[in-house]
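Undergrad: Compute the structure for the input listed below.
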Amino acid sequence: MSLVTCHLSQQKIKMKTKLLFFLIILAQATWAQSPLDDYIRMGLENNLALKQKETSYRKSLETLKEARGLFFPNISLNARFSVAEGGRTIDLPIGDLLNPVYATLNQILHSNQFPQIDNQSFMFFRPMEQETKVRMIQQVFNTDIYYNSKIKKELTETEQVSVDQYRQELVAEIRKAYYNVAMAEGIVNMLNDTRKLLEENVRVNQKLVDNGKITIDNLYRAQTEMSKFDQKVQVAAKNKEIASAYINFLLNRSLTEPILLTEPNILPALAGESTIYRESALANREELKKLDLYNNITDLQVKMNQAGALPNVMIVADYGIQGENYTVNKDSDFGQASAILSWDLFAGFQNRAKIRQAKLQKEMLDQQSEEARRQIELQVINAMNELKTALAGIETAASQVKTAREGFRLVKRRYEEGQANLIEFIDARTTLTQAEENMIISKYTYLADYAEFEKVCAINKI
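TA: All right, here's what the predicted structure looks like:
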């Protein structure tokens, strides 16, 4: 495939992705819930796990600054003061060398103008000595420093991608937790409304027993049904409390904080075919971005190891003072500059092995990238099918509620007229309760599935 064809293909993918984002935003505008948006913002600001990710990213930035700092000169102050006693001596036979000459001169001049001198002996170590200097080391050519800086930059970008990835996961988790709370709240409210029917049934049965119209076993059965129903209400309340505690945990606030809920009037719908969503996922998923960055790091490691055959060059410059005392004058100060070349000519083929390791690592990353792309496409297909199934479940549940409600209305009328027994009444009421509960579960399951679908397809990103 030519470069022009690849470029045109990428442009088409970008245009499709932009169109998809426009359709998603348009759909979101009709159903987005402001309390949920507030909770998402709160979670992004306060979630402890996200803060840890962001701290790790800031740490990587400092690591990058440290790596870049190796390009600048290193300036240090080095001071040494020594006290010595004993040790080797240096003998200078000055007397043996000069005394014969001085004696001859005295004979010629008939004088003692040139006296005899003794041989000299000097200590190898000075009794006191100091050296204080400022040293500058400047790297001129060092491939390790260059590629290390490049690698640290890629690692920093990887940390940023990890932060973005967790942000999307957190948003989806908050949405699903919010819908779980709303579902539990809906079930509790529905059960509380249904309980009023049972209370009325107990009251009516009590009145009929008092008037001798029915036997007391009917009253006992109605009371038993209410007790069983109260147990179900308690379970629903417990589920709501657990769901509320979890979303508060994600928001990093008190676990008993109340959750403000609003019921969506319009459910979000799919805005395109699976191909568009797969392209969006492949273009925007952070997992693939991280693998691309790791691939870049491996390339840099190969280049760094290949450049290991080149020499390293640095400049070292010293300026300071020397002597037995701390005095600064023309006789005590000194300066020195050196150009140092270091070249590893042979290291037991270690560098060759490192290059092969890096190339094998790159091959593994290419395989992981291809596997990840296939997994992401599979996730998109599965998420879309789950969403379609959940939507069909809502339609089925709505039909069941409509049928169960009409059936209960008819049985209730017959029961009040004495044409239906208590068992029929309880059965119709149970069927209606189950249908309404299934409707609530189906609706919020669809919303939770849609939140997961957004995360999988990398759409509606925060």
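Undergrad: State the number of residues packed around residue 183.
TA: Counted with other C-beta atoms under 10 Å, residues neighbouring residue 183 total 23. Just so you know, the C-beta spots here come from the backbone N, C-alpha and C atoms, and that holds for glycine as well.
Undergrad: how near is it to residue 460?
TA: Relative to residue 460, residue 183 is positioned 21 Å away (C-beta to C-beta, to the nearest Å).
Undergrad: now swap in residue 262 and tell me
TA: Residue 262 is 19 Å from residue 460, by C-beta to C-beta.
Undergrad: what about the two, which has more around it?
TA: Higher neighbour count among residue 262 and residue 460: residue 460, with 20 against 10, using other C-beta under 10 Å.
Undergrad: after the helix or strand of the chain with the lowest mean pLDDT comes which helix or strand?
TA: Lowest on mean pLDDT, DSSP states H and E among the helices and strands of the chain sits helix 3-31, with a mean of 46. Sequence order places helix 34-46 as the next helix or strand after helix 3-31, per DSSP states H and E.
Undergrad: can you pull the alpha-carbon coordinates of that next one into PDB?
TA: Taking Å, rounded to 0.1, in the frame of the first residue of the first chain, the C-alpha atoms of helix 34-46 are listed here in PDB:
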ATOM      1  CA  SER A  34     -26.900  16.900  35.700                       C
ATOM      2  CA  PRO A  35     -26.500  15.200  39.100                       C
ATOM      3  CA  LEU A  36     -24.500  12.400  37.400                       C
ATOM      4  CA  ASP A  37     -22.300  15.000  35.600                       C
ATOM      5  CA  ASP A  38     -21.700  16.600  39.000                       C
ATOM      6  CA  TYR A  39     -20.700  13.300  40.500                       C
ATOM      7  CA  ILE A  40     -18.300  12.600  37.600                       C
ATOM      8  CA  ARG A  41     -16.600  16.000  38.100                       C
ATOM      9  CA  MET A  42     -16.400  15.300  41.800                       C
ATOM     10  CA  GLY A  43     -14.900  11.900  41.200                       C
ATOM     11  CA  LEU A  44     -12.300  13.200  38.800                       C
ATOM     12  CA  GLU A  45     -11.300  15.800  41.400                       C
ATOM     13  CA  ASN A  46     -11.300  13.700  44.500                       C
END
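Undergrad: now stretch 196-216, how far from the centre of its chain.
TA: Its chain's C-alpha centre lies 62 Å from the corresponding centre of stretch 196-216 when counted by C-alpha atoms, centre = their mean, to the nearest Å.
Undergrad: show me the residues around residue 60 that make contact.
TA: If you count contacts by C-beta atoms under 8 Å, 6 or more residues apart in numbering, residue 60 has them with 152, 155, 156, 158, 159.
Undergrad: Domain map for the chain?
TA: Under the assignment automatic domain parsing, the domains of the chain span 3-73+142-311+348-457, 87-124.
Undergrad: Which of those sits closest to residue 131?
TA: The minimum distance between residue 131 and the domains of the chain falls on domain 87-124, with 16.4 Å, by C-beta to C-beta.
Undergrad: And residue 329, how close does it get to residue 378?
TA: 81 Å.
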